[in-house]
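1. Test case, fold it:
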Amino acid sequence: MTRQRSSRRSAVSSAPGRLRIVAGKWRSRLLKVAAVPGLRPTSERIRETLFNWLTPGIHGARCLDLFAGTGALGIEAMSRGAASVTFVEQSREAFSALREACKELGVDGATVLKIDALQFLRSSADESFDLVFLDPPFADDSLADLCRLLDDGGYLAEGARVYLEQEKAQAAPALPDGWVIAHEKTAGNVRYSLVDTP
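-> From the prediction side, this is the model:
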């Protein structure tokens, strides 16, 4: 969940203050977006493309949604059959809204944590994940460090896939050994990729 600089615009946006689930059991459901400056859902267009890449592997997947924000990616995954999602979000407002969204949908298998993403990754891994969503604030330019922490920390199941989202103008991050970009596209000022890990 990217917090864009105020001068930037998302490639495709939902109605202001609303997140629309694209597909799955909660298709077309609208959820409130917390009033946090710069917070925006990953666009519907990008989510649709990403989950086309992931089908059918999303079913039963254990997911980690770092920088969860509105939870657009993790909730979309649950809607499409993921077994569980751990949402990590440090903003109090976004955390509260995300918990309410999960409660409203009756989500089973969701864990919502109010913690900084880097702090989470520097703690001991309690479980490994099949799919990780990495969508940090564009200004952070932290994808390379985040990928290294995931790789070193035992957070990735064998053959896990990692979604990366960044500003198109930024250089592509250096990836750990054995990581391979399976798919990559741009939409507006956003570059997004799906990476296969060993």
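
2. can you give me the strands for this structure?
-> Applying DSSP state E to the chain gives strands spanning 18-20, 30-32, 62-66, 84-89, 110-114, 129-134, 156-167, 180-187, 190-196.

3. Kindly reformat those strands as JSON lines and extend each row with mean pLDDT and mean neighbour count.
-> For every residue, glycine as well, the C-beta is placed using N, CA and C. Shown next, in JSON lines, are these (pLDDT from 0 to 100; neighbours: other CB atoms under 10 Å):
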{"stretch": "strand 18-20", "mean pLDDT": "87", "mean neighbour count": "18"}
{"stretch": "strand 30-32", "mean pLDDT": "88", "mean neighbour count": "16"}
{"stretch": "strand 62-66", "mean pLDDT": "97", "mean neighbour count": "26"}
{"stretch": "strand 84-89", "mean pLDDT": "97", "mean neighbour count": "25"}
{"stretch": "strand 110-114", "mean pLDDT": "96", "mean neighbour count": "17"}
{"stretch": "strand 129-134", "mean pLDDT": "98", "mean neighbour count": "24"}
{"stretch": "strand 156-167", "mean pLDDT": "96", "mean neighbour count": "20"}
{"stretch": "strand 180-187", "mean pLDDT": "97", "mean neighbour count": "13"}
{"stretch": "strand 190-196", "mean pLDDT": "97", "mean neighbour count": "20"}
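
4. quick one, which of these is nearest to Glu104?
-> Nearest of the strands of the chain to Glu104, taken as CB to CB: strand 30-32 at 7.0 Å.

5. what residues does the closest one touch?
-> 15, 17-21, 70, 75, 97, 100-101, 104-105 (CB atoms under 8 Å, 6 or more residues apart in numbering).

6. Pick the one among those closest to Asp140.
-> For the contacts of strand 30-32, with Asp140 as the reference and CB to CB as the criterion, the closest is Thr70, at 17.8 Å.

7. ok, so what distance separates the residue nearest the centre of the chain from Ala160?
-> Taking CA atoms, centre = their mean, the centroid of the chain lies closest to Phe133, which sits 3.5 Å from it. Distance, Phe133 to Ala160, by CB to CB, to the nearest Å: 12 Å.

8. follow-up on the earlier one: enumerate every residue touching the residue nearest to the centre of the chain.
-> Contact analysis of Phe133 by CB under 8 Å, 6+ apart lists Cys63, Leu64, Asp65, Leu66, Ala68, Leu73, Gly74, Ala77, Tyr163.

9. And the second one, how close does it get to Lys185?
-> Leu64 sits at a distance of 22 Å from Lys185 (criterion: CB to CB).

10. same check, this time on the first one
-> As for Cys63, its distance to Lys185 is 21 Å (criterion: CB to CB).

11. who's in contact with the longest helix along the chain?
-> Taking DSSP state H as the assignment, the helix of the chain that covers the most residues is helix 92-105. By CB under 8 Å, 6+ apart, the residues outside helix 92-105 that reach it are 1, 19, 26, 29, 31-36, 39, 68-71, 75, 78, 87, 89, 110, 112, 114.
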